[in-house]
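Colleague: sharing a sequence plus its predicted fold:
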Amino acid sequence: MKRFLAIDPDIYVLLPDGTKRPFIEYLLPSALLMISALLIMISMFLPYWSMTLNAPQYPDGLKVSVYVNRLEGDMREVDELNHYLGMPPLDEGGQLERSISIFAIVVLGLLLVGGVFIHNQWAGILALPVMGYPFIFLADLWFILYSYGHSIDPTSALGGAIEPFTPPIFGMGTVGQFSTVAQPEIGLYVVVLSMIAVGAGLWFHRAAYKPVVDARKRVAEASASQETGTSA
């Protein structure tokens, strides 16, 4: 069985100048890019981030989980507290992002799959959005949290007693008499793993296809030299 699944060491790729490279060198970057595409697709179904609000009247805490296209958890209870603070309902934040998230992630996955069939530097360019995706998500999350913390209505029941604030993306924070705990969830870890797989895939991609480019240059130079000698 092990022999059946193993890559035959006698299989090589013949380069333009006649040199040979092991086939595994070309299979590995393609596999990593495909794995990365699969991981980022899987992340659509997993929570990326969560915040737990601890208050005296809620001994078990109130938790809201953030997916790319929806929010889940104790939404109604948190919205009731936000109402007293003069803050908008949770669902009003990030509506545009949630409406396009599935389409955007599918596009990212397709870009990675496209990189499998591109054997030059354009593969890296196609993968750049995936490398930046986790940072874009966190930056957008920070902006949404900032907007919420600075949208307090001073005429609301408790709004006059609380200064504008920005809840932390990770770690503990306080809102009046309430404490919060924010943390990444499995979806974000999966995205980071996808980003690492892309980085490794691009490294092996360059290691595999740069010799092909160099071989083509050597063939072209040799052909040009031969034509020059013939002309002379």
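Modeller: Cool, the structure landed. Residues are numbered from 1 along each chain as shown.
Colleague: what comes up buried for stretch 165-175?
Modeller: 165, 167, 169, 173, 175 (16 or more other CB atoms under 10 Å). (C-beta placed from N, C-alpha, C; glycine too.)
Colleague: quick check: the farthest pair among these?
Modeller: Farthest-apart pair in these is 169 and 175; separation 14.7 Å (CB to CB).
Colleague: re the thing from before, what would the buried residues of stretch 165-175 look like in TSV with secondary structure and distance to residue 32?
Modeller: Listed next are those as TSV, based on DSSP: H, G, I helix; E, B strand; the rest coil; distance: CB to CB, whole Å:
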residue	secondary structure	distance to residue 32
165	coil	42
167	coil	36
169	coil	29
173	strand	38
175	strand	43
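Colleague: how about residue 166, what does it touch?
Modeller: Residue 166 sits next to 142, 145, 146, 149, 150 when contact means CB atoms under 8 Å, 6 or more residues apart in numbering.
Colleague: repeat that for 10 Å
Modeller: With contacts defined as CB atoms under 10 Å, 6 or more residues apart in numbering, the neighbours of residue 166 are 142, 143, 145, 146, 147, 148, 149, 150, 173.
Colleague: one more: residue 120?
Modeller: So residue 120 contacts 205, 206, 209, 210, 212, 213 (CB under 10 Å, 6+ apart).
Colleague: pLDDT score for it?
Modeller: The predicted local distance difference test score for residue 120 is 76.
Colleague: residue 93 is in contact with residue 148, correct?
Modeller: Yes - in this structure, residue 148 sits in contact with residue 93. The criterion is CB atoms under 10 Å, and the distance is 6.1 Å.
Colleague: now do the shared contacts for the two.
Modeller: Both residue 148 and residue 93 are in contact with residue 87, where contact means CB under 10 Å, 6+ apart.
Colleague: related to what we said a few turns ago, tabulate the buried residues of stretch 165-175 (CSV), appending pLDDT and distance to residue 70.
Modeller: CSV is the format used below for those (pLDDT from 0 to 100; distance: CB to CB, whole Å):
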residue, pLDDT, distance to residue 70
165, 78, 25
167, 85, 20
169, 93, 19
173, 84, 23
175, 74, 23
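Colleague: now do the buried residues in the biggest strand by length in the chain.
Modeller: When the chain is scanned for its longest strand (criterion: DSSP state E), the result is strand 58-66. Within strand 58-66, the residues that qualify as buried are 58, 62, 63, 64, 65, 66, counting by 16+ other CB under 10 Å.
Colleague: from the residues you listed, which single one is nearest residue 185?
Modeller: residue 65 (6.5 Å).
Colleague: is the closest one in a bridge, and if so with what?
Modeller: With DSSP bridges applied, the residues forming beta bridges to residue 65 are residue 50, residue 72.
Colleague: next one: residue 179
Modeller: residue 54, residue 174.
Colleague: what distance do you get for it to residue 195?
Modeller: Between residue 179 and residue 195 the computed distance is 31 Å (CB to CB, to the nearest Å).
Colleague: of these two, who's got more company?
Modeller: residue 195 (20 against 14; other CB atoms under 10 Å).
Colleague: for that one, give me its contacts.
Modeller: Residue 195 sits next to 36, 39, 40, 127, 130, 131, 132, 133, 134, 135 when contact means CB under 10 Å, 6+ apart.
Colleague: could I get the pLDDT score of the residue nearest to residue 75 when sequence neighbours are not counted?
Modeller: What sits nearest to residue 75 in space, not counting adjacent residues and going by CB to CB, 6 or more residues apart in numbering, is residue 90, at 5.9 Å. With respect to pLDDT, residue 90 has a value of 84.
Colleague: strands of the chain, residue ranges please.
Modeller: When assigned using DSSP E, the strands of the chain occupy the ranges 12-14, 20-22, 49-55, 58-66, 71-73, 171-175, 178-184.
Colleague: all set now, cheers.
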